[in-house]
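Asks: A structural model of the following input is requested.
(one chain, ligands or ions: 1)
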Amino acid sequence: MEQKELIKLLNSLSLDEKIGQLVQLNGNFFDSNEKVATGPIAKIGIDKEKIPLTGSILNTMGAKELKKLQDKYLEKNEKKIPMLFMADILNGFKTIFPIPLGLGCSFDPELVKKTAQIAAKEAAVSGIHVTFSPMVDMARDARWGRVMETYSEDNLLNCAYAKAMVEGYQGDHDPDSTISACVKHYAGYGAPIAGRDYNTVELSERTLREFYLPSYKAAVDAGCDLVMASFNTIDGIPVTANERLLKEILRDEWGFDGVVISDHSAVKELVPHGFAKDEKEAAKLAIEAGLDIDMMTATYSNYLAKLVEEGKLDIKYIDEAVMRVLELKNKLGLFENPYRGGNEEAEKKYIMCDEFREFAREVVTKTCVLLKNDSILPLNKNNKIAIVGPYATSKDVCGMWSINVDSDSAVTLYDGLKKKFENLVASKGATVIDDSSLFESFNRYTPIDNVIDDNKEELLQKAIDTAKDAEIIIVAIGEHPQQSGEGGSRGDITIAPSQIKLLKEMRKLNKPIVTLVFSGRPLALNEVANNSDALLQCWFPGTEAGDGIADIICGDVNPSGRLSMTFPHSVGQCPIYYNEFSTGRPAKTSKHSRRFTSRYIDIPNEPTYCFGYGLTYSEFKYSEVELDKQVLTPDSKIKASVVVENTSERQGVETVQLYIRDLFGSVVRPVKELKGVQKIILQPHEAKKVEFEISEEMLKFIRKDMHFDSEAGDFEVFIGKDSNTENKANFELKK
Ligand code: GLC
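Replies: Modelled structure (predicted):
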């Protein structure tokens, strides 16, 4: 439809029809049964007559189901404006990939982009138009359960992944294989005080701009069609009604012209925030701040018309928002084809097809991170193996947001290992959580693994009996999927005691132990590592969990994952991240007595596993850093290089990382910042020169004067295998 026709359509709409376009409900409101009236309608208090005007629906899917819904809706919709269908698709739609924090460990945006392309294809043929993804909130605090949904604690990676995901989902907007992306949760949602979900966020303007905004901007710059406002406040103002965030920065500074949608119920939550006196004021504050779509409350539906009729709201705010929604529907081609890519035949052809599953298996092997290996992995296929633990035979390996998946479709660890190792026995040994009261906090769980077996001792004894004749023991333990994700904040980031007890009982059998950890966050793994000969972080690996992990365990694939988020020694260190500031009393270099330096008296400062860390079955040696010049100017570049040698007998992938430190500035600067990554394949005993270019552009930051620019001065450049590297050289920037 031409723009002028859209304007004509807008002008033809009644006030109620306009407001309907700004309301999003879930599919329950469109069920034909009479329970709807006493159920969802009563629950959010929307006027039943307004429901046929609804502009979009969330989390209903399926080509047949959505076509039926669209047909029924259009029948009643006088102006024939099709509904938008949106859904939470974070790490795959039906073919589930590792959770985003696992994807972040690939250090491979192109690989991650392909996961988005596959998710988009499966979703498009299922009739979905928009995904509430990518989630690119900065992840620095392992207590916050939603770190599982984002990619990294580092912005070079987060920005690269944001771009990759948006391009992967949206491509060329082909209706049969792409969907619109909705970047979230704008902004700063990843910094809740105390790591408690939905809690207050306190960030200085500089910290917000330097560390928390770049990944959303990367998504906007990549052409993201929607932005989701976050639940939290910024500077005391909920983002849902924060004009500075939603208009001044997002639209005026960044040039975003798409749709802004609230998070679930967030418009109404302006009242409990203490920002709106009542829902009527909440509606006014949100629409005037630039919040277009009200997700799953009746606030806009019940109050916007009244505000206009009482002369308390200029209708231009509604018209602007409605126009953006109509433009999005037009961009998706819905006026010409309201079903877009929905196609039952295509669903049968593409959903979880072999090609997609094979790729998902490859992604598992590239996102698991080998944290310890005392020459035990890979295992020999003739080994007599016992696999114990709640994840030995569990299908619940897709993570908290895999709401669209048939959990039976996942390959269990046992299923995967059985194809590689003839002599394999399994026993559960322990339940995944000890405390059944946790279930009250789980709003969604799979029945497979949530039986809290009363007979814990019997479970344990069976595992001991199973494992005592094995040569090697694999212990598969971790968090319950619902212990991370939304609302999954934890004050204790260790694995449940009964699983630790299982591990220690296995240790007493004096056999080599390979421990596999399934989790949605970095856990405190010291005790696990101390009782294991090898340790592999598996995240929640998705549909191909068992096959992908088995490929690593038997050595068919050499692991290459690197941690994209720091693993704390214990929860007391949180938030902890590699690119911290030095402080005036750095524990390692301060001249003060140890007592009076920045440190704990009861735990180390250092994390258990640092950002960028990961082992492979190969060994790599680095030469010293060489620079082709020691002085950089704005119009020149420095070439920094190392020679990396594979000193092992095994081909492997090394993830070479370049970090830079600005030694002093008009504001303090991080002790290291990742500025480059190169993944190289080296044959046994092969050596390769790896070269990075350093430009003045890479040295820019938000200075004391709030300008984004560089400052002349002294710098260190590091090239190594992780953020702990001290392999460095010095250079100076002259301006
Ligand atoms: C939730 C989440 C958001 C999700 C939305 C729709 O509350 O915060 O990430 O996309 O609601 O399910």
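Asks: tell me the contacts of whichever residue of the stretch 451-600 of the chain sits closest to the ligand?
Replies: Minimum separation of the stretch 451-600 of the chain from the ligand (CB to the nearest ligand atom) falls at Glu486, amounting to 5.3 Å. Bear in mind the C-beta positions are built from the backbone N, C-alpha and C, glycine included. The neighbours of Glu486, taking CB atoms under 8 Å, 6 or more residues apart in numbering as the test, are 145-146, 149, 197, 400-401.
Asks: and with 7 Å instead?
Replies: Residues near Glu486 by CB atoms under 7 Å, 6 or more residues apart in numbering: 145-146, 197, 400.
Asks: repeat that for Lys501.
Replies: Here Lys501 is in contact with Leu460 (criterion: CB under 7 Å, 6+ apart).
Asks: element containing it, please.
Replies: helix 497-507 (DSSP states H and E).
Asks: end to end, how far does stretch 684-700 reach?
Replies: Stretch 684-700 stretches 39 Å from its first residue to its last (CA to CA, to the nearest Å).
Asks: swap in stretch 701-717?
Replies: One end of stretch 701-717 sits 16 Å from the other (CA to CA).
Asks: with stretch 724-732 instead?
Replies: Stretch 724-732 has an end-to-end distance of 22 Å (CA to CA).
Asks: state the mean pLDDT of stretch 83-101.
Replies: Looking at stretch 83-101 alone, the average pLDDT works out to 97.
Asks: mind checking how far it is from the chain centre?
Replies: Taking the mean C-alpha point of stretch 83-101 and that of its whole chain, the gap between them comes to 11 Å (CA atoms, centre = their mean, to the nearest Å).
Asks: one more: stretch 577-589?
Replies: Centroid displacement of stretch 577-589 relative to its chain, using CA atoms, centre = their mean, is 27 Å.
Asks: so which residues make contact with that stretch?
Replies: For stretch 577-589, using CB under 7 Å, 6+ apart, the contacting residues are 140, 153-154, 566, 592, 596-599, 605, 610-611, 668, 670-673, 723.
Asks: now with 6 Å, please.
Replies: Stretch 577-589 is contacted from outside by 140, 153, 566, 592, 597-599, 605, 611, 668, 670-673, 723, using CB atoms under 6 Å, 6 or more residues apart in numbering.
Asks: again with stretch 675-690
Replies: With CB under 6 Å, 6+ apart as the contact definition, stretch 675-690 has outside contacts at 107, 641-646, 649, 651, 653-658, 660, 692, 698.
Asks: so the very next helix or strand once past the helix holding Lys501 versus helix 497-507, what angle?
Replies: Taking DSSP H and E as the definition, the helix or strand that follows helix 497-507 towards the C-terminus is strand 513-518. With axes from the mean of the first three to the mean of the last three CA atoms, to 10 degrees applied, the angle from strand 513-518 to helix 497-507 works out at 160 degrees.
Asks: now strand 513-518 - C-alpha only, PDB.
Replies: The C-alpha atoms that make up strand 513-518 are tabulated as PDB, following Å, rounded to 0.1, in the frame of the first residue of the first chain:
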ATOM      1  CA  ILE A 513      35.000 -38.200  36.200                       C
ATOM      2  CA  VAL A 514      33.800 -36.000  33.300                       C
ATOM      3  CA  THR A 515      31.200 -33.500  34.600                       C
ATOM      4  CA  LEU A 516      28.800 -31.800  32.300                       C
ATOM      5  CA  VAL A 517      27.000 -28.700  33.600                       C
ATOM      6  CA  PHE A 518      23.600 -27.600  32.200                       C
END
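Asks: what about that strand, average pLDDT?
Replies: Strand 513-518 shows a mean pLDDT of 98 in the predicted model.
Asks: what's the distance between the residue of the stretch 451-600 of the chain closest to the ligand and Ser710?
Replies: Here Glu486 is placed at a distance of 39 Å from Ser710 (CB to CB, to the nearest Å).
Asks: now do the helix or strand hosting Leu285: which elements does it pack against?
Replies: According to DSSP H and E, Leu285 maps onto helix 279-289. Identification of packing neighbours for helix 279-289 by 3 or more CB pairs under 6 Å, 6 or more residues apart in numbering; DSSP states H and E yields helix 299-309.
Asks: kindly export the helix it packs on (C-alpha atoms) in PDB.
Replies: Output in PDB follows, covering the C-alpha atoms of helix 299-309 (Å, rounded to 0.1, in the frame of the first residue of the first chain):
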ATOM      1  CA  THR A 299      -4.900   0.600  29.900                       C
ATOM      2  CA  TYR A 300      -4.800   2.100  26.400                       C
ATOM      3  CA  SER A 301      -8.100   0.500  25.500                       C
ATOM      4  CA  ASN A 302      -9.900   1.800  28.600                       C
ATOM      5  CA  TYR A 303      -8.500   5.300  28.900                       C
ATOM      6  CA  LEU A 304      -7.000   6.800  25.700                       C
ATOM      7  CA  ALA A 305     -10.400   7.700  24.200                       C
ATOM      8  CA  LYS A 306     -11.500   9.300  27.500                       C
ATOM      9  CA  LEU A 307      -8.400  11.300  27.700                       C
ATOM     10  CA  VAL A 308      -8.900  12.700  24.200                       C
ATOM     11  CA  GLU A 309     -12.600  13.300  24.700                       C
END
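Asks: which elements pack onto the following helix or strand past that helix?
Replies: The helix or strand immediately downstream of helix 299-309 is helix 315-331, counting by DSSP H and E. The helices and strands touching helix 315-331, judged by 3+ CB pairs under 6 Å, 6+ apart, are helix 3-12, strand 259-261.
Asks: let me know the closest of the contacts of stretch 577-589 to Leu101.
Replies: For the contacts of stretch 577-589, the minimum distance to Leu101 (CB to CB) is 9.9 Å, reached by Glu153.
Asks: the closest one and Val517: what is the separation?
Replies: For Glu153, the distance to Val517 under the criterion CB to CB works out to 19 Å.
Asks: neighbour count: those two, which is higher?
Replies: A side-by-side neighbour count of Glu153 and Val517, using other CB atoms under 10 Å, places Glu153 first with 30 against 27.
Asks: could you measure from that one over to the ligand?
Replies: 19 Å (CB to the nearest ligand atom, to the nearest Å).
Asks: same deal with Phe715?
Replies: Relative to the ligand, and taking CB to the nearest ligand atom, Phe715 is found at 39 Å.
Asks: burial of that residue, as a residue count?
Replies: Burial of Phe715 is recorded as 22 neighbouring residues (other CB under 10 Å).
Asks: who's in contact with it?
Replies: Applying CB under 6 Å, 6+ apart as the definition, the contact partners of Phe715 turn out to be 660, 662, 731.
Asks: list the buried residues in the helix or strand encompassing it.
Replies: Secondary structure here is read from DSSP H and E; on that basis Phe715 sits in strand 713-720. Buried residues in strand 713-720, counting neighbours by 16 or more other CB atoms under 10 Å, are found at 713, 715-720.
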